[in-house]
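K.L.:
heads up, no residue letters with this:
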């Protein structure tokens with residue numbers, strides 16, 4: 001006998017308990033993650049700080065840090081929370097700060113691989129953001145001390161500790177040394 005599991009909606013996800021776990025939905029299926037460790041938070045903060053300063057000085061849009069959620073698909077619902085996200089000024093919506101989820105994908109999503117993550121799961125998440133409209137996704141790999149950039153119609157680009165992250169067309173002129181993410 002085949003068992004069926006009821007799929008969860010984005011609205012049901014907002015009702016999850018505040019129990020220190022992190023939750024996401026992928027095609028209606030609930031994913032649960034332990035809270036990240038201090039290294040994860042440190043790398044996220046380093047990258048977020050640089051991006052936010054760059055974006056704010058140039059009034060390019062908004063940078064979100066710390067797992068803000070994005071509703072990427074409906075029926076079944078997919079809600080993902082990147083570690084850092086950027087939304088260009090032209091794509092900002094009124095009253096965005098009152099929403100439980102941003103409707104759609106950020107222009108840039110950044111994922112820091114946690115000890116409980118795999119490179120495969122991070123790559124799959126990057127592909128989901130791109131499929132939902134992200135222009136770029138950066139995956140930060142603390143184990144290898146690399147940042148991999150994904151974009152539509154382009155091969156992934158890997159930056160190592162001797163390289164600079166390049167904002168490309170999305171964030172023209174943005175540069176940050178990869179080593180500064182990890183130092």
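P.N.:
On my side now, so go ahead. Given the structure is predicted, the values throughout are model-derived calculations rather than measurements. Residues are numbered from 1 along each chain as shown.
K.L.:
which element follows the lengthiest helix in the chain toward the C-terminus?
P.N.:
When every helix of the chain is counted residue by residue (DSSP state H), the longest turns out to be helix 38-58. Later in the chain than helix 38-58, the nearest helix or strand by DSSP states H and E is strand 61-65.
K.L.:
residue 108 bridge partners, please.
P.N.:
residue 86, residue 136 (DSSP bridges).
K.L.:
count the residues that sit near it.
P.N.:
When neighbours are defined as other C-beta atoms under 10 Å, residue 108 has 28 of them. Where you see a C-beta, it was placed from the backbone N, CA and C, and this is true even at glycine.
K.L.:
before we move on, back to that, list the buried ones in the longest helix of the chain?
P.N.:
Across helix 38-58, burial judged by 16 or more other C-beta atoms under 10 Å covers 40-48, 50-52, 54-55.
K.L.:
any idea how far residue 182 lies from residue 92?
P.N.:
According to C-beta to C-beta, to the nearest Å, residue 182 and residue 92 sit 31 Å apart.
K.L.:
more neighbours, these two?
P.N.:
residue 182 (17 against 11).
K.L.:
you'd agree the more buried one is up against residue 43?
P.N.:
Yes: the criterion here is C-beta atoms under 8 Å, and residue 182 meets it with residue 43 at 6.4 Å.
K.L.:
so what's in contact with these two at the same time?
P.N.:
Contact criterion C-beta atoms under 8 Å, 6 or more residues apart in numbering; residues shared by residue 182 and residue 43: residue 142.
K.L.:
what's around the closest residue to residue 100 other than its chain neighbours, how many residues?
P.N.:
In this structure, residue 100 finds its nearest non-sequential neighbour in residue 14, 4.9 Å apart by C-beta to C-beta, 6 or more residues apart in numbering. Neighbourhood size, residue 14 [other C-beta under 10 Å]: 12.
K.L.:
isn't residue 14 up against residue 77?
P.N.:
No: with contacts counted by C-beta under 8 Å, residue 14 stays clear of residue 77, the gap being 11.1 Å.
K.L.:
tell me the contacts of residue 149?
P.N.:
Listed by C-beta under 8 Å, 6+ apart, the contact set of residue 149 reads 136-138, 156-159, 165-166, 168.
K.L.:
can you give me the pLDDT of it?
P.N.:
Looking at residue 149, its pLDDT is 97.
K.L.:
same deal with residue 160?
P.N.:
So, for residue 160, pLDDT stands at 98.
K.L.:
and what of residue 28?
P.N.:
96.
K.L.:
could you pull up phi and psi at it?
P.N.:
Main-chain torsions, residue 28, degrees, to the nearest 10: phi 80, psi -10.
K.L.:
hang on, it packs against residue 74?
P.N.:
No: between residue 28 and residue 74 there is no contact under C-beta under 8 Å: 9.8 Å.
K.L.:
look at the two and report which has more neighbours.
P.N.:
Taking other C-beta under 10 Å, residue 28 and residue 74 do not tie; residue 28 has more neighbours (20 against 11).
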